[in-house]
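Student: Got a predicted structure plus its sequence, pasted below:
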2 protein chains.
Amino acid sequence: MKISELAKATNVSAKTIRYYEQVNLLLPAKRGESGYRHYDKKDIATLVFIRRCRELNIPIIDIKRLLDVQKNPNASCAFIDEMIQNQLIRIQEAQKELALLEKSLASLASSCNNHTVEGCSILHQLQSN
Amino acid sequence: MKISELAKATNVSAKTIRYYEQVNLLLPAKRGESGYRHYDKKDIATLVFIRRCRELNIPIIDIKRLLDVQKNPNASCAFIDEMIQNQLIRIQEAQKELALLEKSLASLASSCNNHTVEGCSILHQLQSN
DNA sequence: ATAAAGCTTACAGTAACTGGAAGGTCAACA
DNA sequence: TGTTGACCTTCCAGTTACTGTAAGCTTTAT
């Protein structure tokens, strides 16, 4: 599996995959004769895991720790528990905000038909609570 | 209202507020004798609006456009409609991912009690779908 | 009165990409 | 078989959105 296929499968750009390797978030990929990187299914799982963490704004350095612990089955996972507790709070807040915004936007997206701001309720409602 | 109060009221750091002024996302704040910035209620609303947009990763330049249009009631709002349509899709995807992750995390956060990775189901489940 | 807390600017640093140049590789088609 | 075009490589520079720090002025509290 070449880098662009991995990119497609994980929804992470090839550029970003190379960047992740560069900063040691990903182990150096195996290379063929050509020098091209080659990946397998396990890499998809890892990268999807990484993407999800990044969507939660977990910094790369923390994701690195999570991945390190996964490789070392005897380590303590107390810090993971703590990290997850912190993330849970943030996720719930994020969901509240998203739900609020989605509700506003969904009901308004189709209502902006007169193409003047005067009659455009989208902006008014976005500004209110 | 001083900058730190605005910061508290909006959950945006004073540093970031000054940055937003610097990049013309916010109009230059009024200053008192001392040179300190002063804000009022309207600034809270604007900044909360900005924060919400940023939480959705709407780039500053786009937020600027939204705010500009708000000030110019005769402008077309077609682009707002389009922007909102785009954001709606992203919000819904983000919500799906968040819901998924929250479910995993919520059920697992308390289950990591033995402090070894071997018996820690959190990591295993994070890696699966 | 003086010390702590909070404000100012300015400049540098950071995180996480992202773009672009210069060049090598590979699959397909005339 | 040649060559075209898509895809790969590295390297270096640029971008976005902050974030930290220093040096100094103002306000508040004891």
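Tutor: Done, it's in. Residues are numbered from 1 along each chain as shown, chains lettered A, B, ... in the order given.
Student: Which stretches in chain A count as helices?
Tutor: Along chain A, counting by DSSP state H, helices occupy A:3-10, A:14-22, A:41-55, A:60-71, A:78-108, A:121-127.
Student: Can you pull the domain assignment for chain A?
Tutor: A:1-75, A:76-129 (automatic domain parsing).
Student: And these, which one averages the lowest pLDDT?
Tutor: Lowest mean pLDDT within the domains of chain A: domain A:76-129, a mean of 62.
Student: Quick check: residues of chain A near DNA strand C?
Tutor: A:13, A:15-16, A:19, A:32-36, A:54, A:59-61 (CB under 7 Å from any atom of the strand). C-beta here means a position set from N, CA and C on the backbone, and glycine is covered the same way.
Student: Next, give me the two most distant ones among those.
Tutor: The largest separation in these, counting by CB to CB, is between A:33 and A:59 at 36.5 Å.
Student: Compute the distance between residue A:27 and residue A:8, please.
Tutor: Residue A:27 is 21 Å from residue A:8, where distance means CB to CB, to the nearest Å.
Student: actually residue A:21, not the one I typed
Tutor: 17 Å.
Student: Could you check which of those two has the larger neighbour count?
Tutor: Per other CB atoms under 10 Å in any protein chain shown, whichever of residue A:21 and residue A:8 has more neighbours is residue A:21, with 15 against 12.
Student: which residues does residue A:61 contact?
Tutor: For residue A:61, the contact set (CB atoms under 8 Å, 6 or more residues apart in numbering or on different chains) is empty.
Student: ok, now residue A:32?
Tutor: Here residue A:32 is in contact with residue A:38 (CB under 8 Å, 6+ apart).
Student: circling back to that earlier point, which one, of the helices of chain A, ends up nearest to residue B:99?
Tutor: Short answer: helix A:78-108, nearest of these by CB to CB, at 7.2 Å.
Student: where does residue A:32 fall, phi/psi-wise?
Tutor: phi -90, psi -170 (degrees, to the nearest 10).
Student: who wins for proximity to residue B:46 among the helices of chain A?
Tutor: For these, the distance to residue B:46 is smallest for helix A:121-127, at 8.0 Å, taking CB to CB.
Student: okay if I get the helices of chain A as TSV plus distance to residue B:43?
Tutor: TSV is the format used below for the helices of chain A (distance: least, CB to CB, whole Å):
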stretch	distance to residue B:43
helix A:3-10	41
helix A:14-22	37
helix A:41-55	30
helix A:60-71	34
helix A:78-108	20
helix A:121-127	12
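Student: if I look at the nearest residue to residue A:99 once chain neighbours are set aside, how far off is residue B:58?
Tutor: The shortest distance from residue A:99 to any non-neighbouring residue, by CB to CB, 6 or more residues apart in numbering or on different chains, is to residue B:95 (7.2 Å). Here residue B:95 is placed at a distance of 16 Å from residue B:58 (CB to CB).
Student: wait, residue A:60 sits on residue A:25?
Tutor: Yes - with contacts counted by CB atoms under 8 Å, residue A:60 reaches residue A:25, the gap being 5.5 Å.
Student: Next, the distance between the ends of stretch A:32-41.
Tutor: Stretch A:32-41 has its terminal residues 17 Å apart, counting by CA to CA, to the nearest Å.
Student: and it, anywhere near DNA strand D?
Tutor: Yes - counting by CB under 7 Å from any atom of the strand, contacts between stretch A:32-41 and DNA strand D involve A:35, A:36, A:37.
Student: what does chain A put close to DNA strand D?
Tutor: Neighbours of DNA strand D within chain A, by CB under 7 Å from any atom of the strand: A:2, A:3, A:4, A:5, A:14, A:18, A:29, A:35, A:36, A:37.
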